[in-house]
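Asker: Next one to model:
(2 chains)
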Amino acid sequence: MTLACPETRLRFAAYLDDRLGREERSAIRAHLASCAACRGEASGEDPALLFASMGSEPVSAEDAGRVLDAVRAGIALKTAERRIASPARRFAGVAAAAAAAALLAITVGSPAPPRAPRELSARASVSHASDPGAASVPAAGASALPPVSPFAEAAGPATGKLPADATIYDWNPGGGQPRVVWIVDRSLDI
Amino acid sequence: MELVYSEARVRRESEELSDRELALAARGGDMVAFEALVVRKTPAVLSVARRIVPNSEDSHDVAQMVFLRVWEQLDRYDEHFSFNTWLYRIATNLAIDFLRSARSRDKAHGATLHVVRQREEATSGETSRAAEDGEVARLFRQASERLTGKQKAAFVLREMEDKDTSEIAAILGCGESTVRNHLFNARRILKREIEKICPGFFAGRGATRGGRA
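Answerer: Alright, predicted model coming up:
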């Protein structure tokens, strides 16, 4: 569909009111792109008509080539990153599983007055996982904890070495039964 | 020799495939198909990016990010929908994000950037139509600084890329009435800003109707 100057100008209002079909809109835009007089007329009407004549910017072969080269380089980089990351990720998964298993139950043989199991959440102020000390929780089989476990004092300085979203359970059944402290670390994605 | 021939043949075959077919082939690991898609879609992506992101170098960065994002997320492309809409959605989202971060950078380095841009604009040689286009493009860049990312994207897609309101709604992930709202506000703000930059621009011009939007 092609439009002459008078037909085009008659349709400006309908164009701005969004009353034209796609074909007519495109015809107006095509006419504006090629006719300086109508472009001059349209530009004073409304920003929509003023900028409609701009159309899509032409893209040179050089520009397109630059984008393609950069995309190729980006894909090569990301592929290399994935190759490097995947063994590390597998290792991290195994390490996280081992750490979780180690943290799951720490049996303490120190008798203390009987208490109901209680949950102590680590405070938000504790150090983050990036802190090298964040994982420095006693491993299974480590020497017995002191009679009053530092974990029982969740608000105390000892919890500063736990991740923020760790939950500590401290169960001391008494009667000579071993005291159990276990930590659920939700930051370990296993 | 055979390899060169084969590659050329594969590329030629790729050119005959639709966007969707190329996307599906690329999803299956066909890099020739993916590159054919990049070559085919670069003009459209770059054009939109240039309109939304004012700096030409930045728009190249956006285009690269768009295709990398496409490559990474091809698994998420639903082939029941238009590939173009999906691509434009990624492109406009990234361009809007880039615009936001550029604006916050501009606040910090506003004066320097302004001087650099003025110098860039003054030194570019242009023919008469190109000069006119350049002038209009500069006016748009300046006037559109006050638009939100969504308003700008809606206006660019509608008035420069000639997209339907329904398609823009799908690209921007909103309803058609919201798109119309964005367009209305964009036109109103652009008109106000143009009047600030060039006082009397719309007054006395355009006999058909004045004072719209």
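Asker: Look through chain A and state the residue closest to chain B.
Answerer: A:G44 (2.4 Å; Cβ to the nearest Cβ). (Each C-beta comes from the backbone N, C-alpha and C, glycine too.)
Asker: where does chain B have low pLDDT?
Answerer: For chain B, the stretches flagged by pLDDT under 70 are B:1-12, B:103-132, B:203-213.
Asker: Chain A too?
Answerer: A:55-56, A:86-171, A:173, A:177-178, A:180-190.
Asker: Return the residues of it in contact with chain B.
Answerer: Residues of chain A lying near chain B by Cβ under 8 Å from any Cβ of the partner chain: A:9, A:12-13, A:16, A:18, A:22, A:25-26, A:29, A:36, A:41-48, A:50-59, A:63-64, A:66-68, A:70-72, A:74-75, A:78.
Asker: Now, the residues you listed that are in helices?
Answerer: A:9, A:12-13, A:16, A:22, A:25-26, A:29, A:36, A:41-43, A:47-48, A:50-52, A:63-64, A:66-68, A:70-72, A:74-75, A:78 (DSSP state H).
Asker: mind listing what residue 42 touches?
Answerer: No chain specified, so I'll use chain A. A:R9, A:F12, A:L32, A:L49, A:L50, A:A52, A:S53, B:G206 (Cβ atoms under 8 Å, 6 or more residues apart in numbering or on different chains).
Asker: Oops, wrong one, chain B.
Answerer: A:V59, A:D63, A:A64, A:V67, A:L68, B:A63, B:F67.
Asker: Give me the neighbour count for the closest residue to the first one other than its chain neighbours.
Answerer: Nearest-residue entry for A:V59: B:P43, 4.1 Å, with adjacent residues in sequence omitted and distances by Cβ to Cβ, 6 or more residues apart in numbering or on different chains. B:P43 is flanked by 18 other residues according to other Cβ atoms under 10 Å in any protein chain shown.
Asker: Just say helix, strand or coil for B:P43.
Answerer: Taking DSSP: H, G, I helix; E, B strand; the rest coil as the rule, one finds B:P43 in the helix state.
Asker: Thought A:A64 was touching it, still the case?
Answerer: Yes - using Cβ atoms under 8 Å, B:P43 makes contact with A:A64 at a distance of 6.7 Å.
Asker: Touching both of these two, which residues are there?
Answerer: Common contacts of B:P43 and A:A64 (Cβ under 8 Å, 6+ apart): none found.
Asker: so how far is B:K41 from A:L68?
Answerer: Counting by Cβ to Cβ, to the nearest Å, the gap between A:L68 and B:K41 amounts to 11 Å.
Asker: Looking at the two, which is more packed in?
Answerer: A direct count of neighbours by other Cβ under 10 Å for A:L68 and B:K41 places B:K41 higher, at 23 against 17.
Asker: can you pull the contacts of the more buried one?
Answerer: When the contact criterion is Cβ under 8 Å, 6+ apart, the partners of B:K41 are B:D19, B:F67, B:L87.
Asker: Save these as a markdown table, and put in distance to chain A too.
Answerer: Shown next, in a markdown table, are the contacts of B:K41 (distance: Cβ to the nearest Cβ, whole Å):
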| residue | distance to chain A |
| --- | --- |
| B:D19 | 16 |
| B:F67 | 4 |
| B:L87 | 13 |
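Asker: Give me the PyMOL select line for the ones in helices among the residues of chain A next to chain B, limited to the buried ones.
Answerer: Buried members of these, defined by 16 or more other Cβ atoms under 10 Å in any protein chain shown, are picked up in PyMOL with:
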select buried, chain A and resi 9+12+16+25+29+41+42+43+47+48+50+51+52+63+64+66+67+68+70+71+72+74+75
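Asker: Excluding chain neighbours, what is closest to the residue nearest the centre of chain B?
Answerer: Nearest to the geometric centre of chain B sits B:V48, at 1.2 Å (Cα atoms, centre = their mean). Excluding the flanking residues, the one nearest B:V48 by Cβ to Cβ, 6+ apart is B:A91, at 5.3 Å.
Asker: Likewise for A:L32?
Answerer: A:L32's closest residue in space is A:S53 (Cβ to Cβ, 6+ apart), at 4.0 Å.
Asker: gap between A:F12 and A:S43?
Answerer: For A:F12, the distance to A:S43 - Cβ to Cβ - is 11 Å.
Asker: residue ranges of the helices in chain B, please?
Answerer: B:2-16, B:19-27, B:31-52, B:56-73, B:83-123, B:128-143, B:149-155, B:165-172, B:176-197.
Asker: just those helices: most buried one?
Answerer: helix B:149-155 (a mean of 24; mean count of other Cβ atoms under 10 Å in any protein chain shown).
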